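Asks: sequence? don't have it. structure:
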């Protein structure tokens with residue numbers, strides 16, 4: 001991945017954590033509120049798979065022991 005993208009992701013993560021006062025419960029509530037707002041605007045909210053799935057080929061290659 002592009003370093004600029006990674007830096008932006010880390011900055012966003014840090015900003016969200018600071019906004020929640022580093023409280024995981026507040027962070028989750030904030031994300032859920034934002035998802036509800038987005039859903040009410042007709043945006044699709046993609047949920048993670050409900051079950052553990054086998055690693056993808058990419059994950060097997062990316063995280064293979066060398």
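Replies: Noted; the coordinates are in hand. Bear in mind the structure is a predicted one, so any value in this text is a computation, not a measurement.

Asks: burial measure for residue 49, as a count.
Replies: Under the neighbour criterion other C-beta atoms under 10 Å, residue 49 is assigned a count of 6. (C-beta placed from N, C-alpha, C; glycine too.)

Asks: using the three-state scheme, assign it.
Replies: When the structure is reduced to helix, strand and coil (DSSP: H, G, I helix; E, B strand; the rest coil), residue 49 reads as coil.

Asks: per-residue pLDDT, it?
Replies: Each residue has a pLDDT score; the one for residue 49 is 74.

Asks: so how far is residue 16 from it?
Replies: Residue 49 sits at a distance of 23 Å from residue 16 (criterion: C-beta to C-beta, to the nearest Å).

Asks: can you check residue 23 too?
Replies: Plainly put, residue 23 is 11 Å away from residue 16 if you go by C-beta to C-beta.

Asks: now residue 51
Replies: Between residue 51 and residue 16 the distance is 27 Å, computed by C-beta to C-beta.

Asks: quick check: buried residues in stretch 20-32?
Replies: Applying a neighbour-count criterion of 16 or more other C-beta atoms under 10 Å, one finds 20, 27 buried in stretch 20-32.

Asks: just say helix, strand or coil for residue 5.
Replies: Judged by three-state DSSP, the three-state class of residue 5 is helix.

Asks: what count of nearby residues applies to it?
Replies: 9.

Asks: report the contact partners of it.
Replies: In this structure, residue 5 makes contact with no residue, judged by C-beta atoms under 8 Å, 6 or more residues apart in numbering.

Asks: give me the pLDDT for it.
Replies: Confidence score, pLDDT, at residue 5: 90.

Asks: okay, and residue 27 sits in which element?
Replies: helix 24-40 (DSSP states H and E).

Asks: what residues does that helix touch?
Replies: Residues outside helix 24-40 that contact it (C-beta under 8 Å, 6+ apart) are 16, 17, 19, 20, 45.
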